[in-house]
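> got a sequence here, can you build the structure:
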Amino acid sequence: MKRALVTLVVMGLCTVSSQSALAQSNLGLKSAGGQLGLVSPENIGSTVGFGAFADLGTVAPSIHLAPHLDYWSKSESDFGVGKTTVSDMSLGVRAKYMFAVTSPKVRPFAGAGLGLHMLHVKVAIPDQNFGGTIIPGMTIEDSTTKFGLDVGGGLETPISPRSDLVAEMWYGIVDNVSQLSIKLGMGFKIGS
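Just a heads-up that it's a prediction; the model follows:
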């Protein structure tokens, strides 16, 4: 009987606390935007990356849910022998903690999230002519999908009542292709 009473009390407390957490959440599409910046993948030269992001509101006070879609591609020639292209399209979601500050003009944040990285590698070797003997070229391609962990932060500042300038720096931990990205973007408020 004692166990049943304790179990009932614990379940009641969990129900009350989960209802309280739901009451504090404010989910829904709040803003969306695009960004452009520099991406520096591990063992590959820096390149330009771009993406789209959204703010889905708060899951708890000061914690925003922010999905994103990013893309970058980098090509390098290998001593005139061939060309290697590596690209990454990632889809993920981050939780951003918005720090409480006295100025409404600058809103700093830090966060973490998970992403799904769709990596593609292509190596193109042209025909090789060795004194009249031609060795035919070839193209080799491979794709893989990997999970990644993002950690980083940035700041938002209003440009107008309906738009924000967003500056971010994230480090994506991905097997063999970890990457640092520094991006600048514009977010546009949706709804009221």
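> so Met169 touches Gly152, yeah?
Yes. Between Met169 and Gly152 there is a contact at 5.2 Å, judged by Cβ atoms under 8 Å. The way it works is simple: take the backbone N, C-alpha and C, and place the C-beta from them, glycine included.
> who has more neighbours out of those two?
A side-by-side neighbour count of Met169 and Gly152, using other Cβ atoms under 10 Å, places Gly152 first with 19 against 15.
> so which strand or helix has that one?
For Gly152, the host element (DSSP states H and E) is strand 138-160.
> so how far is that strand off the chain centroid?
Distance of strand 138-160 from the chain centroid (Cα atoms, centre = their mean, to the nearest Å) equals 4 Å.
> in it, what counts as buried?
If you call a residue buried by 16 or more other Cβ atoms under 10 Å, then strand 138-160 has these buried ones: Gly148, Asp150, Gly152, Gly153, Gly154, Leu155, Glu156.
> all helices of the protein, in order?
According to DSSP state H, the chain carries its helices in the segments 2-24.
> what about it, any weak spots by pLDDT?
Residue ranges of the chain with pLDDT under 70: 1-24, 79-80, 192.
> which residues of it fall in strands?
Under the criterion DSSP state E, strands of the chain are mapped to 26-41, 47-60, 63-77, 83-98, 107-125, 128-130, 133-135, 138-160, 163-174, 179-189.
> angle of the fourth one against strand 163-174?
In other words, strand 83-98. Here strand 83-98 runs at an angle of 120 degrees relative to strand 163-174 (axes from the mean of the first three to the mean of the last three Cα atoms, to 10 degrees).
> quick one: strands adjacent to strand 83-98?
Looking at strand 83-98 with DSSP bridges, its partner strands are strand 63-77 (antiparallel), strand 107-125 (antiparallel).
> bridge partners for Ser160, pull those for me.
Residues in a beta bridge with Ser160, per DSSP bridges, are Ser163.
> hang on, Arg107 packs against Phe99?
Yes. If you go by Cβ under 8 Å, Arg107 and Phe99 touch, sitting 7.5 Å apart.
> the two: which is more packed in?
Applying other Cβ under 10 Å to Arg107 and Phe99 shows that Arg107 carries more neighbours, namely 18 against 12.
> and the closest residue to the more buried one other than its chain neighbours, what does it touch?
Nearest residue to Arg107, sequence neighbours excluded (Cβ to Cβ, 6 or more residues apart in numbering): Glu156, at 4.6 Å. Applying Cβ atoms under 8 Å, 6 or more residues apart in numbering, we find Glu156 in contact with Val106, Arg107, Phe109, Asp164, Leu165, Val166, Gly187.
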